[in-house]
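>>> With the input below, show me the fold.
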Amino acid sequence: MASQPTLSRLENAVDRHACVRLAHALLDIYLGAREQEGVPTHILLDIDSTDDPTHGAQEGTAYHGYYNQHMYHPLLIFDGATDQLVTALLRPGTAHASRAVAWSACCAC
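Numbering: from 1, shown residues only. As a prediction, this is how the structure comes out:
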């Protein structure tokens with residue numbers, strides 16, 4: 001098991017740039033899997049936001065009035081035909097449901 005100082009270093013090592021790199025890594029995995037079946041004639045993207053409740057003072061968490069809780073508000077992009085996760089983007093709790101949708105859809109193509 002990792003000690004508390006190790007977990008603290010891990011938590012503090014992740015910044016917004018690391019989250020973007022993770023989103024791009026997920027996209028690369030999806031594209032690699034999709035290429036195995038050949039080039040698709042079309043791609044249907046299913047873009048959804050979800051609530052991820054938090055407890056405590058995590059960085060980026062905020063109170064969202066609609067959900068009545070402190071939370072993150074991640075954006076998830078799935079392939080509508082295969083239900084495979086294309087990528088995920090961590091957003092602060094106060095993010096509007098459509099925030100970064102255009103950027104995410106553009107990067108997924």
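>>> pLDDT-wise, which helix or strand of this structure ranks last?
helix 101-108 (a mean of 59; mean pLDDT, DSSP states H and E).
>>> Now do the strands in the chain.
For the chain, the strands defined by DSSP state E cover 45-49, 52-53, 62-64, 69-72, 75-79, 85-89.
>>> shaky segments in the protein?
1-2, 7, 102-109 (pLDDT under 70).
>>> Mean neighbour count and distance to residue 9 for the strands of the chain - can I get that in JSON lines?
Heads up, the C-betas are built off the backbone N, CA and C, glycines and all. Formatted as JSON lines, these follow (neighbours: other C-beta atoms under 10 Å; distance: least, C-beta to C-beta, whole Å):
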{"stretch": "strand 45-49", "mean neighbour count": "15", "distance to residue 9": "30"}
{"stretch": "strand 52-53", "mean neighbour count": "14", "distance to residue 9": "23"}
{"stretch": "strand 62-64", "mean neighbour count": "16", "distance to residue 9": "24"}
{"stretch": "strand 69-72", "mean neighbour count": "18", "distance to residue 9": "21"}
{"stretch": "strand 75-79", "mean neighbour count": "19", "distance to residue 9": "27"}
{"stretch": "strand 85-89", "mean neighbour count": "20", "distance to residue 9": "23"}
